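Peer 1: sequence and computational prediction follow.
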Amino acid sequence: MYNRIIRNDMLKSKFITVITMIFVAAAAMLVSLAAILVVNLSGALDNLMTQAKTPHFMQMHSGEIDRERLVDFAEENRNVDEFQVVEFLNMDGAQITLGNNSLAHSVQDHGLSVQNKKFDYLLDLNGRIINVSDGEVYVPVTYMKDNTTKVGDVAVISGKEFIVAGFLRDSTMNSSLSSSKRFLVSNNDYAELLGHGEIEYLIEFRLKDYSLIGEFETMYASVGMEANGPTVTYALFKTMNAISDGMLIAVILLVSGLVVVIALMSIRFTLLAKIEDDYREIGVMKAIGLRLSDIKKIYLAKYALIAAIGSILGFILSIIFKGVLLENIRLFMGESENSSYGLLFGVLGILLVFLVIMTYVSSVLKRFRKISVVEAIRFGTSQEKRAHVNRLTLSRRKLLSTNVFLGVKDVLARKKLYVTSLVVLVISVFIIIVPQNLSNTISSKSFIQYMGIGHYDLHIQSNNPDQTDQIVNVIDSDHDVSKYVVMTTKTFKVKMNNESEENIKIELGDHSIFPIAYSEGRAPASEDELALSDINASEMGKKVGDMITLEIGGDEEDFTVTGIYSDVTNGGKTAKGVFHDNSTNSIWTIISVELSDKSLVSGKASMYADEFDFAKTSDIDEYVSQTFGSTISSIKTASYVSIAIALVITILVTLLFMKMLVAKDRYSIAVMKALGFTNMDIRVQYVSRSVFVLIIGVIVGTLLANTVGEMLARSIISSFGASTFNFTVDPLSAYLFSPLMMISAVLIATIIGTSSVEKIKISENIKE
Amino acid sequence: MNKIIIGEQIVKSFGEGKERHKVLDRVSVEINEGEFVAVMGPSGSGKTTLMFALSGMDRIDSGKVAFDGVKLSDLGEKELSDIRRTKMGFVFQQPTMLKNLNLLDNIILPTVRDNRKNTTAISEKARKLMKRVGIGDFEKRDITQVSGGQLQRAGICRALMNEPKILFGDEPTGALNSKSADEIMNILSEINEDDGTAIMLVTHDAKVAARAERILFMKDGIIVNETKTSKFARKNLENRVEKINLKMRELGI
Ligand SMILES: Nc1ncnc2c1ncn2[C@@H]1O[C@H](COP(=O)(O)OP(=O)(O)O)[C@@H](O)[C@H]1O
Ligand SMILES: [Mg+2]
């Protein structure tokens, strides 16, 4: 008998059943995808880093190295398992052509390497250690992804021709956030090109016990080993490799959470409406002694069926779509060994969604117990629901027209019902505005200031201090330059709290010319002040106002920390100071330049690049767009996709709610028609209900977007290294176009959803 | 005498295919201005359907209905609504009140739709009507906080707000005890006599029909008989009730 009741019920409300099923399917699909992605990402990443034997500790170093001293250090340190010095032959991008494409405009540092013997292997796309022959070059996989080149192309490096024999996965430098890229050539070819570039060293260690990495780092620095360049550990490699797919997973999880909420809301609405509808019947059943659990069982069975079908559908969809989302992981990291677990976790995720839905349905059904037999039989409706809006009466209303008044009053009288659609609208507004603000924020010109980069047009980096003056002379006499500043980076020893010493790179110069944003405090202004990057500050446990001791030219000097800032450059471990120092050589010098006319930027960039071929000239817009461009454009796409999703959700849910309301309220509609209200009048009442709820939804949604949403966005962006920022809001789009879009969607859906008002016949609903 | 309603050869069927059957079979009715007409007949004979047809609430298959000189079949949904709202009043068996509104608001609802500015005057008028039918103290009450008889009185107030030319009542006392029913009928008679509002009342209660000037007897979609009484004769209600009952037995109703 249950079967028949359920079937009839679902056939009667086909549309509602289908929509609910769609939401369940979407939620199930997203949760399953997220689970599959997590499992595959972690599996593939582990696989890659195991096969490649990624270093536990890597110190990049430019300049002379003392190999014997390093070998001694490695042998004496009991925790060192393996040690090697890898050469990275730095090549100017202009010296590399792949097929028809030159890498001249790439902001990455490109270099040649040979295959390593002990660890840090460069792998082919099947995860095998590449054996490269003379005349062949293996190219970083990222250039396959962006279609720069393909297997079989001719590559020209510093005048020598190679054949692109394949692509390589580099467990340390795969990520676009890593600024260097390695090309693999044979030992002979490498030797031949040795004189054409500058050698940088990668000093690499594998440890017996990785958990003691902190101690090892301290030890390495305190004995004064080579450290002229960034230091990277295994954990950081892992983060950098995982970050872009990790963000994708985070976004999917977020959206799937929201879709689950929306699915629950439609179920709640349907159930509440149904209970209100069947109030009298349920009351009568109760009165004649039928068990409520029997009635509950019918509803539970119905939703179990809907949820089950939706879940299965969602699972199938997730299997169809997982290929697209796994593509990136497969390309950069390869297959995961335990990818079948992915499906298992997908199923578990879907089961979770199913359970959440059933638990929710059963909790909504608890209301059955509250149905009063007396009220149900005497009035046919529950009495508590419409209480306490008596102050708002037609006889005393001033502003609203009768129809609008009736619409608003209905919303206030049946709050519980409308809260459901309010929640959905709030979510929709939220997912329209947050990605939009986020996209606006990170593409705004000032955003790079949150990442430790000032607001200038060009920078010229020279690793040879002697050449700096030559550059400064040219810049200083260039009339197109409106401002410039010279920053010298030097390494000093800093005293840690536990009396040990570590290296710290400090950028010295005038930090007021091109200011950056400080998450706390301000830029250093006097000789005894210092600002620290976020990572440095947290590693050293320093706050603004704390003292810090540096060793400068053999003397200890105290500084006050005046500010903390986020930094994405140089592994995020930097500091800024204004003091003068002659005790040590600079590692590099950066001259930041602002031009009076922005249209000159790219021309000047190539001019300086030619003129100072010993230095690296970058156009900042170019730098930002190459480093963050893909992120910016994917967030932009995401923001358009979210708008579309939110509008579709809004339309579907509004349609669903309106259809149900009209079906439910047909008696009142018939009464009003009998009293002489036109179809138009009644539809205006429904439009007033939707618009009233929408206005509240837009206000609440916008407020939430600017508070909770900003926090959320902040936590996403902080994974890029920029920890504090405020939304850059485009008011026109956020406060005018977005609400307008929502209003149009709601209006269209309401107008369509209430078309059945015209079909309601007085004679069929008022029977005597 | 002017006719407020003229119905000619009204046919109305329900159902599809084999199930299709005529509920009104070429029914003709005329109601004069200020006249009090009762329609009697067994359940299912088509009384309500006739009332819906005459008031333009439902379309008819063939025949003609004219209200106040206007042919209803020529009118669209909007014009029909306008006529119902401004020139007709309705009282149903169940109190058809909106749950969201209190008693006063329910009463003024159809009237304020057109006269937003005059809400105060309209409310004042409603209060007077409420006093007149004996529910003056209940204006702020929720519709669930008053009795069925009081709700029905409120329904009458609502129907009278726009001073209709005719008041339709479909078993307005059907759900009430006899004391309440009598009181309602006193009010309706008074309205008919004092205000000159025509009334068409559907009922199967002889005691109710006894108040009317003219009674139409329906059976299976056809008006089978009709009786008329003078005003004077109506004063002797008990006598009249007996006569009606006799007539009904005679007609096999
Ligand atoms: N909307 C409808 N659909 C189908 N049949 C109907 C409908 N309304 C009324 N009927 C049928 O028409 C006949 C007359 O109904 P009605 O006019 O309500 O009778 P009365 O009011 O005299 O009791 C009944 O047999 C009823 O079943
Ligand atoms: Mg009837």
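Peer 2: Looks like it came in fine. Everything quoted here is computed from the prediction, not taken from an experiment. Ligands and ions are numbered 1, 2, ... in the order given.

Peer 1: is A:Gln59 in a bridge, and if so with what?
Peer 2: Counting by DSSP bridges, A:Gln59 is bridged to A:Ile203, A:Thr231.

Peer 1: so how far is B:Thr144 from it?
Peer 2: To B:Thr144, A:Gln59 is 81 Å away according to CB to CB, to the nearest Å. The C-beta positions use only the backbone N, C-alpha and C, and glycine is treated the same way.

Peer 1: who has more neighbours out of those two?
Peer 2: Neighbours per residue (other CB atoms under 10 Å in any protein chain shown) separate A:Gln59 from B:Thr144, with A:Gln59 holding more: 25 against 14.

Peer 1: next up, the contacts around residue 225.
Peer 2: All of this is about chain A. With contacts defined as CB atoms under 8 Å, 6 or more residues apart in numbering or on different chains, A:Met225 is in contact with A:Gln59, A:Arg69, A:Leu70, A:Phe73, A:Ile203.

Peer 1: to clarify, I was referring to chain B.
Peer 2: Applying CB under 8 Å, 6+ apart to B:Asn225 gives the contacts B:Leu216, B:Phe217, B:Lys247, B:Leu251.

Peer 1: filter the residues you listed to the buried ones?
Peer 2: For the contacts of B:Asn225, a burial check counting by 16 or more other CB atoms under 10 Å in any protein chain shown picks out B:Leu216, B:Phe217, B:Lys247.

Peer 1: can you put these in TSV and add distance to B:Ile4?
Peer 2: Output for the buried ones among the contacts of B:Asn225, formatted as TSV (distance: CB to CB, whole Å):
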residue	distance to B:Ile4
B:Leu216	15
B:Phe217	21
B:Lys247	25
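
Peer 1: just the closest of these to A:Asn174, please.
Peer 2: Nearest to A:Asn174, judged by CB to CB, of the buried ones among the contacts of B:Asn225 is B:Leu216 at 92.2 Å.

Peer 1: bridged to that closest one, which residues?
Peer 2: B:Val39, B:Glu226.

Peer 1: ok, now which ones touch it?
Peer 2: Counting by CB under 8 Å, 6+ apart, B:Leu216 touches B:Val29, B:Val37, B:Ala38, B:Val39, B:Met40, B:Ile223, B:Asn225, B:Glu226.

Peer 1: so the last one sits against B:Arg214, correct?
Peer 2: Yes. Counting by CB atoms under 8 Å, B:Glu226 touches B:Arg214, with 6.6 Å between them.

Peer 1: now find how far off-centre stretch A:49-65 is within its chain.
Peer 2: Relative to the centre of its chain, stretch A:49-65 is centred 28 Å away, using CA atoms, centre = their mean, to the nearest Å.

Peer 1: okay, now A:Val85: neighbour count?
Peer 2: A:Val85 has 16 neighbouring residues, counting by other CB under 10 Å.

Peer 1: quick one: list the elements packing against the helix or strand harbouring it.
Peer 2: A:Val85 is part of strand A:80-91, with elements assigned from DSSP states H and E. On a contact count with 3 or more CB pairs under 8 Å, 6 or more residues apart in numbering or on different chains; DSSP states H and E, strand A:80-91 meets helix A:67-76, strand A:109-113, strand A:180-185, strand A:198-207.

Peer 1: of all those, which one is nearest A:His455?
Peer 2: It's strand A:109-113; of the helices and strands packed on strand A:80-91, that one is closest to A:His455 (CB to CB) at 24.0 Å.

Peer 1: list the contacts of whatever residue of chain A ends up closest to ligand 1.
Peer 2: Using CB to the nearest ligand atom, the single residue of chain A nearest to ligand 1 is A:Glu764, 4.5 Å away. By CB under 8 Å, 6+ apart, the contact set of A:Glu764 is A:Ala670.

Peer 1: residues in contact with the closest residue to A:Gln95 other than its chain neighbours?
Peer 2: The shortest distance from A:Gln95 to any non-neighbouring residue, by CB to CB, 6 or more residues apart in numbering or on different chains, is to A:Ser158 (4.7 Å). Counting by CB under 8 Å, 6+ apart, A:Ser158 makes contact with A:Met91, A:Gln95, A:Ile96, A:Leu193, A:His196, A:Gly197.
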